[in-house]
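In: give me a 3D structure for the following:
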Amino acid sequence: MPRVYYRSYDAEVTDQLFIRNPGGQPERFAIAEIADFSLTRLDQPWWRLPHRKPSYRLSADYHGRTVVLFESREPRVFNMVVRALRRALENRPRGYH
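Out: All right, here's what the predicted structure looks like:
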């Protein structure tokens, strides 16, 4: 039984998989194969909707390419997903990346 670090309608993070549900077919990424990840804040141009929240993006190196794992406008949700990924990466077996 996998350990679940985060579960919601749009993403799930376990000790084995990061599952992204962008609204269509779920995308699965093996935790053991995630080499590195980065966090990006995407601001809107100043002339766009002035009260629109910035978007936050979680990207990772996966099988030699950069993939977007998760994106959200809610900082609280984004931080929970990032924290779950960090825990999953810290708890993966030794010998992986």
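
In: may I ask which helix or strand of the chain has the lowest mean pLDDT?
Out: strand 34-42 (a mean of 90; mean pLDDT, DSSP states H and E).

In: and the next helix or strand past that strand?
Out: Under the assignment DSSP states H and E, the closest C-terminal helix or strand after strand 34-42 is strand 55-62.

In: quick revisit: contacts for the least confident helix or strand of the chain next, please.
Out: 18, 54-62, 69, 82, 85, 89, 97 (CB atoms under 8 Å, 6 or more residues apart in numbering). All C-beta atoms are positioned from the backbone trio N, CA, C, and that covers glycine.

In: and those, which two are the farthest apart?
Out: Greatest spatial distance in the contacts of strand 34-42: 54 and 97, 29.7 Å, computed using CB to CB.

In: coming back round to it: what angle sits between the least confident helix or strand of the chain and strand 55-62?
Out: Interaxial angle, strand 34-42 versus strand 55-62 (axes from the mean of the first three to the mean of the last three CA atoms, to 10 degrees): 160 degrees.

In: quick check: buried residues in strand 34-42?
Out: Going by neighbour count (16 or more other CB atoms under 10 Å), the buried part of strand 34-42 is 34, 37.
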